[in-house]
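K.L.:
Below is the sequence, then the predicted model.
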Amino acid sequence: MGDKVRRVVTTHDAIGHAVVRIDEKVALAGLPGENLSSAVIWTTGRFPADNSVDAEDGPPEDGMSLNGGSALRLMEFGPGFTSPVQRSLSIDYLCVLSGELEMELDGGELVRLYQGDVLVQRGTGHSWRNPSQDTPCRVIVSMVEALRLPIGGGMLRPTP
């Protein structure tokens, strides 16, 4: 953990040709007190995204822009990492780049994901666990804001 990932962002020049706007290394920073590191690759503040606006010099500092938008993150779960149960108001596309990851749904179902596996998470309550005691698990996850889900006469809410 603590290494960097290359981020390349394209845009258009004044006559409409594609150009590279940003080519840099982004820190995969550890989160305080956690066996987890994360890098925000990009966020948008609205959906659909507005590609007519020139790319900023980077994503918002807080890394969250799901108030009508999307976020792309690279995450690394350290050996033995376990998260609490959580839910977001988003549809998440997760791909395991290396290692293994277990997802436990709040209904008790357990799914093990391996390198190359892709998960589509549709606002469900879940927790993460890296079952390895010596190998990190690296994933890339794209999150797009979703509508609240009506269930049993109520509305499911995100984890605070």
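P.N.:
Yep, that arrived. Please read all numbers here as calculations on a predicted model, not as lab measurements.

K.L.:
Okay, and the nearest residue to Val118 once chain neighbours are set aside sits in which element?
P.N.:
Using Cβ to Cβ, 6 or more residues apart in numbering and skipping residues adjacent in sequence, the residue nearest Val118 is Cys95, 5.0 Å away. C-beta here means a position set from N, CA and C on the backbone, and glycine is covered the same way. Using DSSP states H and E, Cys95 maps to strand 90-98.

K.L.:
Same question for Gly33.
P.N.:
Applying DSSP H and E, one finds Gly33 in no helix or strand.

K.L.:
With only the CA atoms kept, save the helix or strand that contains Ala71 in PDB.
P.N.:
Assigned by DSSP H and E, Ala71 belongs to strand 70-77. Output in PDB follows, covering the C-alpha atoms of strand 70-77 (Å, rounded to 0.1, in the frame of the first residue of the first chain):
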ATOM      1  CA  SER A  70     -20.200   9.500 -10.400                       C
ATOM      2  CA  ALA A  71     -16.900   8.500  -8.900                       C
ATOM      3  CA  LEU A  72     -14.100   6.200 -10.000                       C
ATOM      4  CA  ARG A  73     -11.800   4.800  -7.400                       C
ATOM      5  CA  LEU A  74      -8.900   2.300  -7.100                       C
ATOM      6  CA  MET A  75      -8.900   0.500  -3.800                       C
ATOM      7  CA  GLU A  76      -6.700  -1.900  -2.100                       C
ATOM      8  CA  PHE A  77      -8.000  -4.100   0.800                       C
END
